[in-house]
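A.B. asks: have a look; sequence and predicted model below, questions after that.
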Amino acid sequence: MHKLVQLVGQAIAYALFAVAIGYFATRPAYTHLDPDKALIKLSFSHAGQRKGECRRLTPEELAELAPNMRRPLDCPRERLPLRVELLLDGETVFQGELPPSGLAGDGASTVYRKFPVAPGQHRLNARLRDTARTEGFDYESEQDIVLEPSQVFVVDFKSALGGFIFL
């Protein structure tokens, strides 16, 4: 009789636990995005140009290096930060300088930003500078887009494909 009471108590405890998990799995309801808005995501990783020029080592400098370290060029590791701008209908929604990742500043710069916007027709302009130039941009793409309510529109960047990609 004592064992039966234990089993019934254990079954009740498991049932209450399952009901609590089921409730909190569906409540409170999560709203990803306001149904009356669209979302533009700016998301990419890209490495800027190296901060300095590569230098050819002299034969004397090469002779001083260990045999497994001998390479004809000495290139700095550090990369330049990226300058990124995103404009929607002529107004700047994002403007930033993205530092390179890594302890030595030699990795890719990364951005992930979300911008809720009104649905409808818009003019989107994305710009990126990854070189040491002080004016202008190395990559620029402009496109007319039509956003539906609850649509997620992604702005990506792939230098191998020529620049910005609008998805």
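C.D. replies: All right, it came through fine.

A.B. asks: the worst-scoring helix or strand of the chain on mean pLDDT pairs with which strands?
C.D. replies: Confidence across the helices and strands of the chain bottoms out at strand 73-74, with a mean of 81, counting by mean pLDDT, DSSP states H and E. Here strand 73-74 has these sheet partners by DSSP bridges: strand 55-56 (antiparallel).

A.B. asks: name the surrounding residues that touch the partner strand.
C.D. replies: By C-beta atoms under 8 Å, 6 or more residues apart in numbering, the surrounding residues in contact with strand 55-56 are Pro72, Leu73, Asp74, Cys75. For the C-beta atoms, the positions are set from N, CA and C on the backbone; glycine is no exception.

A.B. asks: now could you export just the CA positions of the helix or strand that it is followed by as CSV?
C.D. replies: The first helix or strand that comes after strand 55-56 along the chain, using DSSP states H and E, is helix 59-64. The C-alpha trace of helix 59-64 is given here as CSV (Å, rounded to 0.1, in the frame of the first residue of the first chain):
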residue,chain,number,x,y,z
PRO,A,59,69.0,38.0,-48.3
GLU,A,60,70.7,38.9,-45.0
GLU,A,61,67.4,39.2,-43.2
LEU,A,62,66.3,35.8,-44.6
ALA,A,63,69.6,34.2,-43.4
GLU,A,64,69.0,35.4,-39.9
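
A.B. asks: so where's this structure uncertain?
C.D. replies: Low-confidence segments of the chain (pLDDT under 70): none present.

A.B. asks: quick one, domains of it?
C.D. replies: Per automatic domain parsing, the domain ranges recorded for the chain read 1-30, 38-51+80-166.

A.B. asks: which of these sits most buried?
C.D. replies: Most buried of these, by mean neighbour count (mean count of other C-beta atoms under 10 Å): domain 38-51+80-166, with a mean of 15.
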